[in-house]
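**Student:** here is the input, now give the coordinates:
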Amino acid sequence: MSTDHDKAKAFVGRLLQNPSLRDFSELQREEQIIQFLHVNAAQLGPTLSTPQFFAGKNWNQIFSILLNALYELVNDELLPKLEELIRSKLDLAFLRHMRQTRVDDELVQKQLIAFATDVLKKPDARRNFTGAYSALVFGIADRYLTVAFDQKKYVHFELTKVQRLRMNKEETRNFVRLTLLLRPIVNLGMSTAATQQERSTGMVQSQFAEKVMHTAKSEMKYIPEQALKSAVDASLSFNENRFVEATSRLAAIFAARSRSYQPNMRVDRGADSPDKSWISVSRRNYKYYGFDIKMLDELYKIAAENNW
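**Tutor:** Take a look at the predicted model:
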């Protein structure tokens, strides 16, 4: 006889196979299914509480069983891809610019894999990781930074002159990739008492960020402080903290954009391209989300010029 867990995995597994979710990242698909369960709770509850599924259980109990099954199935697919990304697609050579002594890349990779595993164990961290992970999967940061380095305007100036990165284009792209990967670090210590704005924007207060940074330096000893700070500060509002590094500001924008990014999205004739449309809205709401308006302006022009 099938257990509740087996039934939940079978049910959720069918949802994950929905063709409309095929182009999404693993965590985007997870979010879509969680939203589907919430929106359709009134219809699903009576059906799923029958003997065929989860007899005698109320919706909250059923939802919890389904959610655990969803996490398990997504993790089975996601963890190997994360390890491959860390080991094969993230070049850590740029870290030599940040430390005095050489550290074996294998040690750094193991620490990053352990970190990613911890992130996936906490729902708030998973949710905050959706955009950052999707940005890595879809290469959002790579394509914008390639153009920004070629054009040498505001973004390039902030990276090379203000943040003073002594790195080439590819090294800088890997620095931003690492910042995206580590961005959910703030959620590992965040309480359930986070404000609605913190939950909707992913931003935290500077005092909390300082506490996270203090803990991170002791627990992630193979990651240089400069890289940890870039990741932690990617969850600070630039409008309230003008010292936030350029890599952090970029990671915040790319993570937010990529949370709802859909590759191969059809655009109606006469409509704005997806990135251009998203950035246009973000420019109007940049204060609420803590974005750098000048960065948004440049990214908007890049998106318009490339029909992104």
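**Student:** report the contact partners of the residue lying closest to residue 276 once chain neighbours are set aside.
**Tutor:** Sequence neighbours aside, residue 303 is the residue nearest to residue 276 in space, at 4.4 Å (criterion: C-beta to C-beta, 6 or more residues apart in numbering). (Each C-beta comes from the backbone N, C-alpha and C, glycine too.) For residue 303, the contact set (C-beta atoms under 8 Å, 6 or more residues apart in numbering) comprises 273, 275, 276, 279.
**Student:** pull out the buried residues from the host helix or strand of the third one.
**Tutor:** Under DSSP states H and E, the secondary-structure element containing residue 276 is helix 274-284. Neighbour-count burial for helix 274-284 flags 274, 275, 276, 278, 279, 282 (criterion: 16 or more other C-beta atoms under 10 Å).
**Student:** tabulate the residues you listed in TSV, adding columns for pLDDT and distance to residue 139.
**Tutor:** Converted to TSV, the buried residues of helix 274-284 look like this (pLDDT from 0 to 100; distance: C-beta to C-beta, whole Å):
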residue	pLDDT	distance to residue 139
274	94	15
275	96	13
276	96	18
278	97	16
279	97	17
282	97	20
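**Student:** quick one on the thing from earlier: what's the angle from the host helix or strand of the residue nearest to residue 276 to helix 274-284?
**Tutor:** When secondary structure is defined by DSSP H and E, residue 303 falls within helix 293-306. Relative orientation of helix 293-306 versus helix 274-284 (axes from the mean of the first three to the mean of the last three C-alpha atoms, to 10 degrees): 160 degrees.
**Student:** just the CA trace of helix 293-306, in PDB.
**Tutor:** Extracted C-alpha coordinates of helix 293-306, given in PDB (Å, rounded to 0.1, in the frame of the first residue of the first chain):
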ATOM      1  CA  ILE A 293      18.600  53.800 -10.700                       C
ATOM      2  CA  LYS A 294      21.700  54.600 -12.800                       C
ATOM      3  CA  MET A 295      22.400  50.900 -13.300                       C
ATOM      4  CA  LEU A 296      18.800  50.300 -14.300                       C
ATOM      5  CA  ASP A 297      19.100  53.100 -16.800                       C
ATOM      6  CA  GLU A 298      22.100  51.600 -18.400                       C
ATOM      7  CA  LEU A 299      20.700  48.000 -18.400                       C
ATOM      8  CA  TYR A 300      17.500  49.400 -19.900                       C
ATOM      9  CA  LYS A 301      19.400  50.800 -22.800                       C
ATOM     10  CA  ILE A 302      21.300  47.600 -23.300                       C
ATOM     11  CA  ALA A 303      18.100  45.600 -23.300                       C
ATOM     12  CA  ALA A 304      16.400  48.000 -25.800                       C
ATOM     13  CA  GLU A 305      19.500  47.900 -28.100                       C
ATOM     14  CA  ASN A 306      19.600  44.100 -28.100                       C
END
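**Student:** identify the residues contacting the helix holding residue 276?
**Tutor:** Residues from elsewhere that reach helix 274-284, judged by C-beta under 8 Å, 6+ apart: 253, 256-257, 260-262, 265, 267, 271-272, 289, 291, 293, 296-297, 299-300, 303-304, 308.
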